[in-house]
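Engineer: Okay, structure incoming, though there's no sequence with it:
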Ligand SMILES: Nc1ncnc2c1ncn2[C@@H]1O[C@H](COP(=O)(O)OP(=O)(O)OP(=O)(O)O)[C@@H](O)[C@H]1O
Ligand SMILES: [Mg+2]
């Protein structure tokens, strides 16, 4: 089955993707004709200095934003014609996003945070709770189900966010500097989980990071962004 | 089952360019059976209402005080509206409504045009009555005599007709005597319920043959009669100025006549309320039968009766026509006007009163609505604040897959809940408030010796209307904030913390 899926070509393709921001008279090329493909099961690190367009790229892949030029394809279908409803569907079914500052909803328990994407997908409460519990347990948070984010450590919060990203079984995880707010021990812990997920379950992963050392150690492929362009 | 198991993604949208590989549909998704959800073209599965409600309630709980205050604002607004409208309904019921429930709308006063070229002397002419053509002064006016009255009572829908007659006489008992106006009512007419209603003691005269009289409490008191039932059966003398028989145009001669009459009953115009006026009880303190009036030669010193005497033609001048139901009134009225008489119905005057009440109702409604509008601005304000506070949260929800419409629904529901809860509480407040006002006012009325009335009225349609109105309007208040929430750009919302 894996072969069958791989024979369908890349999971994600970027074709000449450009993103412009206009600041007064100035035009900022956050992304400048970026092209690459991500295959099923890859673990890719996106590297680049601050302001090089890493987050912008991830937002485009995740369907949070639309490119100014070029095309993002998911399973060979362009995201461009999707209307907001279908794009929301893409976000909740196909991708799971993880952020540097976790972006958990502070008033909800860990369990409810993880269950939320499934609520948007119309899954009944019991099924949501069961899956959220399984995911949190798997990430070592079985004892923290009813804690709210402020009551959790940074590493724990990021693991809750990972569980949430995985809630709807996405085809790809997009992590934007997930270890940026964590100490090195916590960072290694998180990245180790990513690596296991990639190696054991074939989870496709795109990891944005500053840190070349982390990238080398965990990822299998690198994309270097310099001023919105892919550096060779 | 491995929660990390990877599910290949699929894009769902209209016009998908190629059929997704069948393998996708066969990959088991452990949390749900392989349903249409994962097969193409699968419908978008939306968030269900219960989850939206849950999220909305959670948010309200989180900002309980703010939502309570906003809801309380709506409560006050709706309560104000209900009380204001209740005042309006109460006034309407205590004026026009009370009049309408009486016999007033079945009554018609008929004038003979002998009185005046311009119509009736008291109330003014009916606008519908035909104006006499100019230069028509010589033309005979039809006289309002017994033949015409009989003709009128034969009309379809007419219950009874009687002439409005009165005369002035002196009442005497022991050393007390005073002059008073005496109303003449035919004996068959006083059997109508409105007369019985106004009786305090005794009864009306049963026939025209009786030499009996009915007095108002006030007149009885003035005559020094004992109060209540003890007055019934007492006698008083009636001093009248009777015209001599053999009256001729050359001269009229009169003589004084004293008749001893029995007090048959006491009435109080207050008891039959407003209909007393039209039943003939309102203006007079003494009532006699037409038989007795003829016997004592009750003579009304008026041009009308003088003309009548001189011409030898009887003309009552005024008559009351009562129809069975208010619906009969206009047809009967037309028939009577065709006979050449002018008519007046209380509804003519009431039309203007109704307009005044509509204006009053509108003013009260506007005052109440202002309170509601203020509270709705409160809803908009609360929702906008809530959105501002929750911008990041909305961004998060969108990033993890919420549709714009989901966000819109969550906020819309919150506004609706405020309206719903506030509306119910407001209706409760308004209802309780008007009962309280009624209770207080009635205590005062009873202390003053009056009869309790419903000052504020809150009918069921007002309760229901206020409920529906507050929900609809708060949903309207929710539209703008909800749309604004739905339009939040997740990228901007999530950029900086
Ligand atoms: N909404 C916006 N308006 C204007 N400029 C923007 C906007 N969003 C991003 N940019 C610019 O686009 C460029 C790329 O931004 P981006 O956030 O992708 O960088 P990054 O690589 O993620 O940086 P960091 O490592 O600091 O997160 C930056 O120069 C940024 O200033
Ligand atoms: Mg960034």
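Structural biologist: Looks like it came in fine. Remember, it's a predicted structure, so these values are computed and weren't measured experimentally. Ligands and ions are numbered 1, 2, ... in the order given.

Engineer: Okay, now the unreliable bits of the chain?
Structural biologist: You didn't say which chain, so I picked chain A. A:1-8 (pLDDT under 70).

Engineer: you looked at the wrong chain, it should be chain B
Structural biologist: Answering for chain B: the residues below the bar, that is pLDDT under 70, span B:1-44, B:98-104, B:113-141, B:242-254, B:269-283, B:298-313, B:496-497.

Engineer: longest strand of it?
Structural biologist: strand B:254-267 (DSSP state E).

Engineer: List the buried residues of that strand.
Structural biologist: B:259, B:261, B:263, B:264, B:265, B:266, B:267 (16 or more other CB atoms under 10 Å in any protein chain shown). Bear in mind the C-beta positions are built from the backbone N, C-alpha and C, glycine included.

Engineer: okay, now the residue in chain B that chain A sits nearest to: neighbour count?
Structural biologist: Residue of chain B nearest chain A, by CB to the nearest CB: residue B:401 (2.1 Å). Here the count is done by other CB atoms under 10 Å in any protein chain shown, and residue B:401 has 29 residues near it.

Engineer: Please report how far it lies from residue B:377.
Structural biologist: 34 Å (CB to CB, to the nearest Å).

Engineer: Can you spell out which residues form a bridge with the residue nearest the centre of chain A?
Structural biologist: The residue lying closest to the centre of chain A (CA atoms, centre = their mean) is residue A:174, at 1.4 Å. Residue A:174 has these beta-bridge partners by DSSP bridges: residue A:97, residue A:206.

Engineer: contacting residues for it?
Structural biologist: Contact analysis of residue A:174 by CB atoms under 8 Å, 6 or more residues apart in numbering or on different chains lists A:58, A:61, A:62, A:95, A:96, A:97, A:98, A:206.

Engineer: mind redoing it with 6 Å?
Structural biologist: A:58, A:61, A:62, A:95, A:97, A:206 (CB atoms under 6 Å, 6 or more residues apart in numbering or on different chains).

Engineer: and residue B:176, backbone torsions?
Structural biologist: phi -90, psi 130 (degrees, to the nearest 10).

Engineer: Next up, the contacts around it.
Structural biologist: Contacts of residue B:176 by CB under 6 Å, 6+ apart are B:223, B:224.

Engineer: quick one, strands of the chain?
Structural biologist: Since no chain was named, I'll use chain A. So, for chain A - with DSSP E - the strands run A:12-23, A:26-38, A:43-48, A:69-74, A:77-78, A:95-98, A:172-176, A:204-209, A:221-226, A:229-231.

Engineer: that's the wrong chain, I meant chain B
Structural biologist: B:107-111, B:158-163, B:165-173, B:176-185, B:199-202, B:212-216, B:235-243, B:254-267, B:286-289, B:318-323, B:342-344.

Engineer: Check the ones you listed for me and report the most buried one.
Structural biologist: strand B:286-289 (a mean of 26; mean count of other CB atoms under 10 Å in any protein chain shown).

Engineer: who does that one touch, helix- and strand-wise?
Structural biologist: Under the contact definition 3 or more CB pairs under 6 Å, 6 or more residues apart in numbering or on different chains; DSSP states H and E, strand B:286-289 sits against strand B:176-185, strand B:212-216.

Engineer: one more time with 10 Å, if that's ok
Structural biologist: strand B:165-173, strand B:176-185, strand B:212-216, strand B:235-243, strand B:254-267, helix B:290-296 (3 or more CB pairs under 10 Å, 6 or more residues apart in numbering or on different chains; DSSP states H and E).

Engineer: how far does that strand sit from the chain's center?
Structural biologist: 35 Å (CA atoms, centre = their mean, to the nearest Å).

Engineer: Please apply the same query to stretch A:86-93.
Structural biologist: 13 Å.

Engineer: Also stretch A:34-52?
Structural biologist: 11 Å.

Engineer: From one end of that stretch to the other, what's the distance?
Structural biologist: Length of stretch A:34-52, first residue to last, CA to CA, to the nearest Å: 12 Å.
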